[in-house]
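Asker: Would you be able to build a 3D model of this:
(chains A, B, C and D)
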Number of protein chains: 4
Amino acid sequence: MEKDLAGKGNWKKFLFETIYESETFLGKFFNVALIGCIILSVFIVMLDSVEEIHVRWGRVLFVLEWAITILFSIEYLLRIFCVKKPLNYILSPIGGVDLIAILPAYLSLFFIGTQYLLVIRAFRILRVFRILKMWNFINASHTLTKALYTSAIKIGVFLLFVVVIVVILGSVMHLIEGGKHGYENIPRSIYWAIVTLTTVGYGDISPRTPLGRLFASAVMLFGYSILAVPTGIVTSELIKSAKSKHADSGQSCPACGRREHDEDAHYCKFCGGKL
Amino acid sequence: MEKDLAGKGNWKKFLFETIYESETFLGKFFNVALIGCIILSVFIVMLDSVEEIHVRWGRVLFVLEWAITILFSIEYLLRIFCVKKPLNYILSPIGGVDLIAILPAYLSLFFIGTQYLLVIRAFRILRVFRILKMWNFINASHTLTKALYTSAIKIGVFLLFVVVIVVILGSVMHLIEGGKHGYENIPRSIYWAIVTLTTVGYGDISPRTPLGRLFASAVMLFGYSILAVPTGIVTSELIKSAKSKHADSGQSCPACGRREHDEDAHYCKFCGGKL
Amino acid sequence: MEKDLAGKGNWKKFLFETIYESETFLGKFFNVALIGCIILSVFIVMLDSVEEIHVRWGRVLFVLEWAITILFSIEYLLRIFCVKKPLNYILSPIGGVDLIAILPAYLSLFFIGTQYLLVIRAFRILRVFRILKMWNFINASHTLTKALYTSAIKIGVFLLFVVVIVVILGSVMHLIEGGKHGYENIPRSIYWAIVTLTTVGYGDISPRTPLGRLFASAVMLFGYSILAVPTGIVTSELIKSAKSKHADSGQSCPACGRREHDEDAHYCKFCGGKL
Amino acid sequence: MEKDLAGKGNWKKFLFETIYESETFLGKFFNVALIGCIILSVFIVMLDSVEEIHVRWGRVLFVLEWAITILFSIEYLLRIFCVKKPLNYILSPIGGVDLIAILPAYLSLFFIGTQYLLVIRAFRILRVFRILKMWNFINASHTLTKALYTSAIKIGVFLLFVVVIVVILGSVMHLIEGGKHGYENIPRSIYWAIVTLTTVGYGDISPRTPLGRLFASAVMLFGYSILAVPTGIVTSELIKSAKSKHADSGQSCPACGRREHDEDAHYCKFCGGKL
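Answerer: Numbering: from 1, shown residues only, chains lettered A, B, ... in the order given. Below you'll find the model as predicted:
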């Protein structure tokens, strides 16, 4: 705000406002350009992996790629420079993603293949939520994240069950099809069981014997029934979180100031004071 | 209503009642015939695209197609003529669909291939809701549209996450399968990731290496877990909208002022006062 | 109950109790045997369609099939004979199924192929609910049926949208893939669109061009999002019906005797009397 | 607790605490080692089924496998020895799994192929819930199990409907495709119907005729609609159980007797009395 002051401290502040916030015009411009660069960079890696494009445009893409990498490196250094607690930024998830977004390019100088890891830059696209500052978006994203987080444990337990079941089903199928028709070994049969139970159904491995088909049918109907479980978990969590959000917007107790009262409450449930 | 009046204004009114409303017998007949023509027209385009039918019946279908196009053109002009604010109609979504429904036919005189775009006429089938005027249908459709609209933002946020994840997963799979077995480049690998994560599972591209299958299994189980998210969003919105519909239509008690009465309530359930 | 009475009327009653009800020992035995015959009959048709089994056991199955058909015919005639209002039974859905269950056998004497329609007998298996008279089962089935029935209209509206969308998507894909790779005509492309949107994904038709794959990816992500809609509809209906069922179990008003009061109600919402 | 006492009874107690509980250090160590052995054992069976690994490491895996089997046998005998009511343990589900986990190894001495059944050991992994004693996990698992159990009957009824429908659909498809293109017999056509209705969609059997594709499209759209049913059932059960859990654990107000207090409530929300 006090830009008339000279010196390094002011530059830092100006940089911070431009890079980290998007209130000022320059800040907005910087952040939109950043998102543009991220998307462009991901597209370059994608296109470069296509044989025909690599042959014809490989050198242009290579130069562009390095130009963006250098820009990102400068941006990373500036971020460290202008933030108050650089270590906090470096160790934060967003700082980690920023580092990982430039590292593979430098690693590709020594190791072949690592340049493909540059698509990890795609994660940086999620920065878009920051810039947009559209409350609807952020709110929606927040509710989702919260409900998914609460569901995560339950779905984890469920997945453990699924893994155990899938190991059993795969092994039984290996026995039934007699180690033929793609069920040559148990890991491959387990792969089939996962493909079937999740209703993906590639069809690269599918039962050929009548008994195998009967068993596969049972597996499919079973998968059909338990498909409902993660959905049920997430849905009930979302409904719960939607309700608790509702409750949050209720009044706060005049006596103890606590919230989270039900809508039909006449007295504070924590201190007994009249609402 | 006052049809005994002569002159152009009356004709306009008569036309309006016939074309736009479906209260009168002629209006009903016109609208049912219109739906019939739309369905017939879509079927003609579909059948004409089949080689064997095109060879044998191509000329008949061509004549029929143009007959319907001319009918639709006349209908469109009449709609503009008899409506009070023609510009409003032309610029409205329904007017746009009506125009798009006839345009490709005329364009096909100059450009090859555009005649297939005539299937856009299929959108006009949705007019059926207007004619039926079955309140259940319209109501159901309305609740759906509203809940879908509210869900749209959240699902949009979720899809952005999915796109980012799919880009990463596709690239990792490209590395794992070593650019073989259909994973020749990253865009194709991303296509595979989408096919897998949405549980469509064509099987045109599927992992062949053990490590690829292990990774694919993880992707499937992950997709299995997040499949629940859009469902959860839509379901919780539908439940919310169902509740708000219920609550909204309730009156408040004149005696105690409380709400949340059921629609079939005659007396306040809290104080017993007459509603 | 008064079995000591002689004559035709008594026989009718005895038959009725045995065939229609399952309170008596003979009634239970008859109905269990009936279910057994139905399942056996369906299995015979299924097995007879298998080439190898038909060659070796065809004659045995043929005899068994006709034995069961004759038994079913006798049963049908007895049902007409011993019921009070035969026409009501004949025209009821259950009577229709009973007739359809024997008709194809006789038709197969004149027309080839109709014997496969005998599997319609499978519908008779649903009689099992009647015999079991397990209230949990019937209740579960009832709630399901009711919720499905209420959902049916909404899902119908949704399916109309889906059909319109699928026609458009199929036609666009026909244009994109240039009438090749299985997208030879629009009906086939629509078939592909349905296979993709419902996440079945056979893979018998799948995009080959980059643009086709991009479009297919969009279709899949779209299908992924709207997959949630029928689920959301059914779930919200089930929750609603579960709630209304809950309300049913509440107290009945001492004044007017009506039920369906909310749990937090102090006064009857219909007559205002104290609960 | 009184470990200073000597004799057999004490040993039993010490063993019991170590094997069955995981409070003591040794108990924790034992149980973690047990889970490790189970996972190792399952991996050995899986790897041994892979041809290349079997050829090179077959003997090592064989020795390891028998070492673990003998360890499990000793553990089983110790469990019987140190538990108070050995018969209860042997006949309990967990005791059954423990026995089944070692039996196939001994059976494989007499019968070929049974060694694959050793993957049933995978079920023992679920013991992990016992050891972790993380209440969140157990609670999540408990709510899930309860809701799934309540849903089981309804889903059972639904699956019976699905089986009947699938038999009919398969037979009709057998007729439509004229016993060709993989629909050679009714059981195979039913297999196709299950693959389609559950949206697995291998594509090993898929319609080839236009009429077959039309019918398959109808089946898919139908499957799409009823896919929602098991999900709806589980979700509504989960929501119900979430609610009842909330309500059940609440106490009733000593002053006004009302319930429905939240778990964190200290005062009645209706009259303000201390709970």
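Asker: so what's whichever residue of the stretch 1-150 of chain A sits closest to chain C up against?
Answerer: For the stretch 1-150 of chain A and chain C, the shortest gap (C-beta to the nearest C-beta) falls at A:V50, measuring 8.5 Å. Bear in mind the C-beta positions are built from the backbone N, C-alpha and C, glycine included. By C-beta atoms under 8 Å, 6 or more residues apart in numbering or on different chains, A:V50 lies in contact with B:E184, B:N185, B:I186, B:P187.
Asker: again, only using 10 Å
Answerer: When contacts are counted by C-beta atoms under 10 Å, 6 or more residues apart in numbering or on different chains, A:V50 touches A:R56, A:W57, B:E184, B:N185, B:I186, B:P187, B:R188, C:P210.
Asker: Find the residue closest to the third one in space, skipping its chain neighbours.
Answerer: Read that as B:E184. A:E51 (6.8 Å; C-beta to C-beta, 6 or more residues apart in numbering or on different chains).
Asker: Got the confidence number for the one you found?
Answerer: Per-residue confidence (pLDDT) for A:E51: 83.
Asker: What number of neighbouring residues does it come out with?
Answerer: 12 (other C-beta atoms under 10 Å in any protein chain shown).
Asker: Surely it is in contact with B:I186?
Answerer: No. Judged on C-beta atoms under 10 Å, A:E51 makes no contact with B:I186 at a distance of 11.4 Å.
Asker: Now do the shared contacts for those two.
Answerer: B:G179.
Asker: OK, contacts around the residue nearest to B:E184?
Answerer: A:G58, B:G179, B:E184, B:N185.
Asker: Tell me where the stretch 151-275 of chain A has helices.
Answerer: A:186-197, A:210-226, A:228-248 (DSSP state H, counting those that start in this stretch).
Asker: Nearest to D:G36, out of these?
Answerer: Nearest to D:G36 among the helices of the stretch 151-275 of chain A is helix A:186-197; the distance by C-beta to C-beta comes to 19.8 Å.
Asker: ok now that closest one, how far from the chain's centre?
Answerer: Helix A:186-197 sits 26 Å away from the centroid of its parent chain (C-alpha atoms, centre = their mean, to the nearest Å).
Asker: which residues of the stretch 51-200 of chain A score low on pLDDT?
Answerer: For the stretch 51-200 of chain A, applying pLDDT under 70 flags the ranges A:113-119, A:126-145.
Asker: make it 50
Answerer: A:133-138 (pLDDT under 50).
Asker: Looking at it, what residue ends up closest to chain C?
Answerer: Residue nearest to chain C within the stretch 51-200 of chain A (C-beta to the nearest C-beta): A:T199, separated by 7.1 Å.
Asker: any idea how far D:M220 is from that residue?
Answerer: Going from A:T199 to D:M220 by C-beta to C-beta, to the nearest Å gives 13 Å.
Asker: A:I153 too?
Answerer: 35 Å.
Asker: Please identify which of those two sits among more neighbours.
Answerer: Legend: neighbour count by other C-beta under 10 Å for A:I153 and D:M220, higher for D:M220 (23 against 16).
Asker: burial count for the residue nearest to the more buried one when sequence neighbours are not counted?
Answerer: Spatial nearest neighbour of D:M220, excluding adjacent residues (C-beta to C-beta, 6+ apart): C:T198 at 4.5 Å. C:T198: 25 surrounding residues under other C-beta under 10 Å.
Asker: who's in contact with C:T198?
Answerer: B:200, C:162, C:166, C:223, C:227, D:196, D:199, D:201, D:217, D:219-225, D:227.
Asker: Could I get the phi/psi values of it?
Answerer: The phi/psi pair for C:T198 (degrees, to the nearest 10) reads phi -80, psi 10.
Asker: Same check on the one 10 residues further on?
Answerer: When read as degrees, to the nearest 10, the backbone of C:R208 gives phi -120, psi -30.
Asker: ditto for A:S49
Answerer: The phi/psi pair for A:S49 (degrees, to the nearest 10) reads phi -80, psi -10.
Asker: need the contact list for it.
Answerer: For A:S49, the contact set (C-beta under 10 Å, 6+ apart) comprises A:115-116, A:119, B:170-171, B:174-175, B:179, B:183-189.
Asker: Taking these, tell me the two that lie furthest apart.
Answerer: A:Q115 and B:R188 (17.5 Å).
Asker: Those two: which is more packed in?
Answerer: B:R188 (22 against 18).
Asker: tell me the contacts of the more buried one?
Answerer: A:M46, A:S49, A:V50, B:G170, B:M173, B:H174, B:G179, B:G182, B:D204, B:I205, C:P210, C:R213.
Asker: Can you lay out these as a markdown table showing distance to D:F29?
Answerer: Shown next, in a markdown table, are those (distance: C-beta to C-beta, whole Å):
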| residue | distance to D:F29 |
| --- | --- |
| A:M46 | 50 |
| A:S49 | 49 |
| A:V50 | 54 |
| B:G170 | 43 |
| B:M173 | 40 |
| B:H174 | 44 |
| B:G179 | 47 |
| B:G182 | 48 |
| B:D204 | 50 |
| B:I205 | 47 |
| C:P210 | 57 |
| C:R213 | 53 |
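Asker: The residues you listed: which two are farthest apart?
Answerer: Largest separation among the contacts of B:R188 by C-beta to C-beta: A:M46 and B:D204, giving 19.5 Å.
Asker: about what we covered before: buried ones among the contacts of A:V50?
Answerer: B:E184, B:N185, B:I186, B:P187, B:R188 (16 or more other C-beta atoms under 10 Å in any protein chain shown).
Asker: and the host helix or strand of A:I94 with chain B, contact?
Answerer: Taking DSSP states H and E as the criterion, A:I94 maps to helix A:93-100. No. Helix A:93-100 does not reach chain B (C-beta under 10 Å from any C-beta of the partner chain); its nearest approach is 11.0 Å.
Asker: Briefly note if whatever helix or strand comes next after that helix comes near chain B.
Answerer: Using DSSP H and E, the helix or strand that follows helix A:93-100 in sequence is helix A:103-107. No. If you take C-beta under 10 Å from any C-beta as the test, helix A:103-107 misses chain B, and the best it gets is 10.5 Å.
Asker: Thought A:H181 was touching A:A216, still the case?
Answerer: No. Between A:A216 and A:H181 there is no contact, the gap being 11.3 Å when judged by C-beta under 10 Å.
Asker: okay, and the common contacts of those two?
Answerer: Joint contacts of A:A216 and A:H181 (C-beta under 10 Å, 6+ apart) are A:M173, A:W192, A:S206, A:P207, A:T209.
Asker: tell me which of those is nearest to A:S73?
Answerer: Checking the shared contacts of A:A216 and A:H181 one by one against A:S73 (C-beta to C-beta), the nearest turns out to be A:W192, at 45.6 Å.
Asker: Find the nearest non-adjacent residue to the closest one, please.
Answerer: A:I205 (4.5 Å).
Asker: Now do the contacts for the one you found.
Answerer: Per C-beta under 10 Å, 6+ apart, neighbours of A:I205: A:173, A:177, A:181-184, A:188-189, A:191-193, A:195-196, B:203, B:206, B:213, D:202, D:204.
Asker: For it, give me phi and psi.
Answerer: Here is the backbone geometry of A:I205 (degrees, to the nearest 10): phi -120, psi 120.
Asker: if we can go back for a sec, the shared contacts of A:A216 and A:H181: which two are farthest apart?
Answerer: The widest separation within the shared contacts of A:A216 and A:H181 (C-beta to C-beta) is 13.7 Å, between A:W192 and A:T209.
Asker: what about these two, which has more around it?
Answerer: Counting neighbours by other C-beta under 10 Å for A:W192 and for A:T209 shows that A:W192 has the greater number, 30 against 15.
Asker: A:I100: how many residues sit nearby?
Answerer: Neighbour number of A:I100 under other C-beta under 10 Å is 15.
Asker: what helix or strand is A:E52 on?
Answerer: Counting by DSSP H and E, A:E52 is part of helix A:51-82.
Asker: Kindly report the same for A:N31.
Answerer: helix A:25-48.
Asker: what angle sits between that helix and helix A:51-82?
Answerer: Going by axes from the mean of the first three to the mean of the last three C-alpha atoms, to 10 degrees, helix A:25-48 is angled at 150 degrees with respect to helix A:51-82.
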